[in-house]
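Student: Build me a structure from this.
(12 chains)
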12 protein chains.
Amino acid sequence: MSEHTYNIIELVGSSHTSIEGAVHNAIATAALAEKHLRWFEVMETRGHIEEGKVAHWQVRIRIGATTEH
Amino acid sequence: MSEHTYNIIELVGSSHTSIEGAVHNAIATAALAEKHLRWFEVMETRGHIEEGKVAHWQVRIRIGATTEH
Amino acid sequence: MSEHTYNIIELVGSSHTSIEGAVHNAIATAALAEKHLRWFEVMETRGHIEEGKVAHWQVRIRIGATTEH
Amino acid sequence: MSEHTYNIIELVGSSHTSIEGAVHNAIATAALAEKHLRWFEVMETRGHIEEGKVAHWQVRIRIGATTEH
Amino acid sequence: MSEHTYNIIELVGSSHTSIEGAVHNAIATAALAEKHLRWFEVMETRGHIEEGKVAHWQVRIRIGATTEH
Amino acid sequence: MSEHTYNIIELVGSSHTSIEGAVHNAIATAALAEKHLRWFEVMETRGHIEEGKVAHWQVRIRIGATTEH
Amino acid sequence: MSEHTYNIIELVGSSHTSIEGAVHNAIATAALAEKHLRWFEVMETRGHIEEGKVAHWQVRIRIGATTEH
Amino acid sequence: MSEHTYNIIELVGSSHTSIEGAVHNAIATAALAEKHLRWFEVMETRGHIEEGKVAHWQVRIRIGATTEH
Amino acid sequence: MSEHTYNIIELVGSSHTSIEGAVHNAIATAALAEKHLRWFEVMETRGHIEEGKVAHWQVRIRIGATTEH
Amino acid sequence: MSEHTYNIIELVGSSHTSIEGAVHNAIATAALAEKHLRWFEVMETRGHIEEGKVAHWQVRIRIGATTEH
Amino acid sequence: MSEHTYNIIELVGSSHTSIEGAVHNAIATAALAEKHLRWFEVMETRGHIEEGKVAHWQVRIRIGATTEH
Amino acid sequence: MSEHTYNIIELVGSSHTSIEGAVHNAIATAALAEKHLRWFEVMETRGHIEEGKVAHWQVRIRIGATTEH
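Tutor: Okay, the predicted model is just below:
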């Protein structure tokens, strides 16, 4: 294996449905700007409440992307 | 935006089905006693095991509720 | 209640579908080698990305198992 | 010194002006509902931004209050 | 096992004698106000010193209590 | 509320005057490069000392900015 | 001093009497299965409550044991 | 740049006015005993409450001082 | 209340008997060198094992002492 | 000293040889895209194993770079 | 990629020479008992001092090993 | 083994060459002022960058020294 370097980017994604959905949305947004996303890590899970119910889920994730040099 | 104060309450919720279900159940219980719940944060995710399977999921969450003064 | 001792074992499980699935797979593997699994705790949630999508979810969990003495 | 017990309550306070102001507002609100507040601890400092400026400061604090038994 | 929800309350207890005594005192005070206390967790152990000796022990604990719905 | 994604950027700001000033300076610099800054979180507060006095305050902050897709 | 390697094992022990008792019970159980235990570290102290009193103390400890190669 | 070593000292300072004031007071006290203070880091911010108001602010700081060898 | 400054010192104490004993021994040693010790905080609890039993308990504590200026 | 602002960037670097080598490689990559790198902080040290040996070292570092405004 | 499960084992390794050497020694010992070691993570770096010099380096590492089911 | 007490001192050491070198330099400086240094723990690893290269490594370490009473 060669000596890779990864950039770490950090995002908050959200979803009305699930924690997994919030991760997917964050990654989908990141993928628009940067190719070669390799892994992610969930740092924080939270959300907003409306009328006694979860209105949306929010995750803060760290994504590792291969640098292209 | 005005200068709000939020009370923080902490609960453990559980569900046979999913992490999201455990959060929903905790919030539903909190909503019986306190209105104006605004946001939550998942602090810990755990659960019990029976016969080699997850018997139920358990989350400890922090909920922020607007004070009414 | 008597004075129990639990062994703690630590595993990383993965799933193509969900965080819950990754926990289930880790526990199923642990159950092959050790009976009397009692509880678990999710320590870390991460995963790999392929073509801008979550390829699989990965959780690191701690499991408590009753010792048999 | 006698053997005291303290209740811990947790609040988020906010202020347009300063971190200290956000702490003051949280304590003032807590003082409406509970006497005998004794000490506090700042757990988190954050805020919202509007038009490139801090719109308000937000602190999460833990307050210790003497129980009255 | 049914789907329980627990309220988490946080207290500081103290004792002239021991860490265990400080925990007992905190729980005894909590038990006056809330039934159905189930478990506790020691978050912090500290104390005051007078004339080069421990004057009293202080523990901050988190207690889980079954909600009654 | 729609499903937003936020980019997280991290900066260190400094000020000769106060912690709040250091946060303001960091946000002002971030605002030059990125619009739609929404919230911040103070991660670390430190500074340099010259001749027995605080020469300047330094804060490390995390800023959340709405992505524009 | 030679170059030792230690295995780390993790256990939860419990006792009706004290934190020290819970540590002793965990170590006694570990000693049945593994010789050459050298040191321990208390990671977490908790317990269960019955009728407003501590029913038993629980500690999670990490134990270091010399490997025998 | 040469190879410096710094001593780390830790203090708690307090002020009736502000967090910055509490840091200043701690550094002023440290400067009486040790020259060559270079930097500080705020580890904890807390305080006491009297009659529903902040009576004084308290900060625990770590200070780095150049050793003189 | 006046504006105090406290020095923080850190020690490891040990005892053959108990966690409390290890704290007492650390404080007794600190009291030989520095007067006006005011409070302590237990940062870490560990120990050594000999022949399957706790040989001694070890605590790392932080002590706050009033400065005398 | 003037009032600087630093951008924080985060990278994972790797090396077949050493932890220091992994840091060097991460910084070398960062230096291709951004001038004025000033300091770094090692957040995490890990690596991969092949045939019972370290195949490469991996470090996650935070780098501070002067902004150019 | 298939759905793997990893066992996590934890060891302390030591070396007279370097941090890297301590990691190598821990992995070499682990490799005697368990095949399919995949990755490691350095959790803690410490050591002993003799006559004012580092006598040996000590690292606590977590190793992930593929389970063989 | 008798009941020892250790003083903990904290230093930042630096080196142009390596992390190990920075630890060595910190210990060498501490050894000038205090005998009976017994163990150390690396708390933080960082450094400065000049012209896209590591100018020097910096470690913050905690050292335990036997008290002489």
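Student: who are the neighbours of the helix or strand containing A:Ser14, in terms of helices and strands?
Tutor: Secondary structure from DSSP states H and E places A:Ser14 in strand A:6-15. Judged by 3 or more CB pairs under 8 Å, 6 or more residues apart in numbering or on different chains; DSSP states H and E, strand A:6-15 is in contact with helix A:19-33, strand A:37-50, strand A:53-66, strand F:6-15, strand J:6-15. Backbone N, C-alpha and C define where each C-beta goes, glycine included.
Student: What's the local residue count around A:Ile27?
Tutor: By the criterion of other CB atoms under 10 Å in any protein chain shown, A:Ile27 has 21 neighbours.
Student: Return the residues in contact with it.
Tutor: A:Gly13, A:Leu37, A:Phe40, A:Ile61, A:Ile63, C:Ile49, C:Gly52, C:Lys53, C:Val54 (CB atoms under 8 Å, 6 or more residues apart in numbering or on different chains).
Student: do you know how far the third one is from A:Arg60?
Tutor: Using CB to CB, to the nearest Å, we find A:Phe40 at a distance of 11 Å from A:Arg60.
Student: And these two? Which one has more around it.
Tutor: A:Phe40 (26 against 20).
Student: Who does that one form a beta bridge with?
Tutor: A:Ile63, C:Gly47 (DSSP bridges).
Student: follow-up on the earlier one: nearest to B:His4, of the contacts of A:Ile27?
Tutor: A:Gly13 (25.3 Å; CB to CB).
Student: Can you give me the distance of that closest one to A:Ile49?
Tutor: From A:Gly13 to A:Ile49 the distance is 18 Å (CB to CB).
Student: Which one's more surrounded, those two?
Tutor: Shown here are A:Gly13 and A:Ile49; by other CB under 10 Å, A:Gly13 has more neighbours (26 against 21).
Student: can you redo the helices and strands packed on strand A:6-15 as JSON lines with mean pLDDT?
Tutor: Below are these laid out as JSON lines (pLDDT from 0 to 100):
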{"stretch": "helix A:19-33", "mean pLDDT": "96"}
{"stretch": "strand A:37-50", "mean pLDDT": "98"}
{"stretch": "strand A:53-66", "mean pLDDT": "97"}
{"stretch": "strand F:6-15", "mean pLDDT": "97"}
{"stretch": "strand J:6-15", "mean pLDDT": "97"}
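Student: residues touching the nearest residue to A:Glu10 once chain neighbours are set aside, list them.
Tutor: Residue nearest to A:Glu10 in three dimensions, not counting chain neighbours: F:Ile8, with 3.8 Å by CB to CB, 6 or more residues apart in numbering or on different chains. Counting by CB under 8 Å, 6+ apart, F:Ile8 touches A:Glu10, A:Leu11, A:Val12, A:Arg60, F:Arg62, F:Ile63, F:Gly64, F:Ala65.
Student: For F:Ile8, give the beta-bridge partners.
Tutor: Applying DSSP bridges, one finds that F:Ile8 bridges with A:Glu10, F:Gly64.
Student: Chain J contacts on chain A?
Tutor: Within chain A, the positions lying close to chain J (CB under 8 Å from any CB of the partner chain) are A:Met1, A:Glu3, A:His4, A:Thr5, A:Tyr6, A:Asn7, A:Ile8, A:Glu10, A:Arg62, A:Gly64, A:Thr67, A:His69.
Student: Name only those of those residues that count as buried.
Tutor: A:Glu3, A:His4, A:Thr5, A:Tyr6, A:Asn7, A:Ile8, A:Glu10, A:Arg62, A:Gly64, A:Thr67 (16 or more other CB atoms under 10 Å in any protein chain shown).
Student: Just give me the closest of those to B:Gly21.
Tutor: A:Arg62 (26.3 Å).
Student: State the distance from that closest one to chain G.
Tutor: In this view, A:Arg62 and chain G are 25 Å apart by CB to the nearest CB, to the nearest Å.
Student: OK, contacts around that residue?
Tutor: Applying CB under 8 Å, 6+ apart, we find A:Arg62 in contact with A:Ile8, A:Ile9, A:Glu10, A:Phe40, A:Glu41, A:Met43, J:Glu10.
Student: If we use 10 Å, what do you get?
Tutor: A:8-11, A:39-43, C:46, F:8, J:10, J:60 (CB atoms under 10 Å, 6 or more residues apart in numbering or on different chains).
Student: Would you mind measuring from it to A:Ala26?
Tutor: Counting by CB to CB - A:Arg62 and A:Ala26 are separated by 10 Å.
Student: coming back round to it: let me have the residues of chain A next to chain J in JSON lines, adding distance to A:Ala30 as columns.
Tutor: Below are the residues of chain A next to chain J laid out as JSON lines (distance: CB to CB, whole Å):
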{"residue": "A:Met1", "distance to A:Ala30": "24"}
{"residue": "A:Glu3", "distance to A:Ala30": "24"}
{"residue": "A:His4", "distance to A:Ala30": "18"}
{"residue": "A:Thr5", "distance to A:Ala30": "18"}
{"residue": "A:Tyr6", "distance to A:Ala30": "13"}
{"residue": "A:Asn7", "distance to A:Ala30": "11"}
{"residue": "A:Ile8", "distance to A:Ala30": "11"}
{"residue": "A:Glu10", "distance to A:Ala30": "10"}
{"residue": "A:Arg62", "distance to A:Ala30": "11"}
{"residue": "A:Gly64", "distance to A:Ala30": "11"}
{"residue": "A:Thr67", "distance to A:Ala30": "15"}
{"residue": "A:His69", "distance to A:Ala30": "20"}
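Student: Could you single out the nearest of the residues you listed to B:Ile19?
Tutor: The closest of those, once distances to B:Ile19 are taken by CB to CB, is A:Arg62, at 19.6 Å.
Student: Setting aside sequence neighbours, what's the nearest residue to that closest one?
Tutor: A:Glu41 (4.7 Å).
Student: Also A:Arg38?
Tutor: A:Gly64 (5.0 Å).
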